[in-house]
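Novice: No sequence on hand, only this structure:
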């Protein structure tokens, strides 16, 4: 199961960065809109921190997408 968890983490990290850049948003912008500390967000994107389930809806809302969109392959 660890490999599947890693796949989901990697997919969300890629989508998060992709969507953020497509929208011309900085890490600060997303951090403010999601109420997630900018350092935490940076570590999430870089893979230095694992994604928590409670991050998904907040990140999706900050990027104006559904949580399913964050889970979709880039």
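Specialist: Ah, there it is. Please read all numbers here as calculations on a predicted model, not as lab measurements.

Novice: what about the spatially most central residue of the chain, which helix or strand?
Specialist: By C-alpha atoms, centre = their mean, the chain has its centre lying nearest to residue 16, at 3.9 Å. Using DSSP states H and E, the element containing residue 16 is helix 2-22.

Novice: now the angle between helix 2-22 and the helix or strand just after that helix, please.
Specialist: Under the assignment DSSP H and E, the closest C-terminal helix or strand after helix 2-22 is helix 27-34. Relative orientation of helix 27-34 versus helix 2-22 (axes from the mean of the first three to the mean of the last three C-alpha atoms, to 10 degrees): 110 degrees.

Novice: and the helix or strand just after helix 27-34, what's its mean pLDDT?
Specialist: The helix or strand immediately downstream of helix 27-34 is helix 38-46, counting by DSSP H and E. Averaged across helix 38-46, pLDDT comes to 95.

Novice: Can you list the buried residues in helix 38-46?
Specialist: Using 16 or more other C-beta atoms under 10 Å as the test for burial, helix 38-46 gives 40-41, 44-45. For glycine as for every other residue, the C-beta is placed from the backbone atoms N, C-alpha and C.
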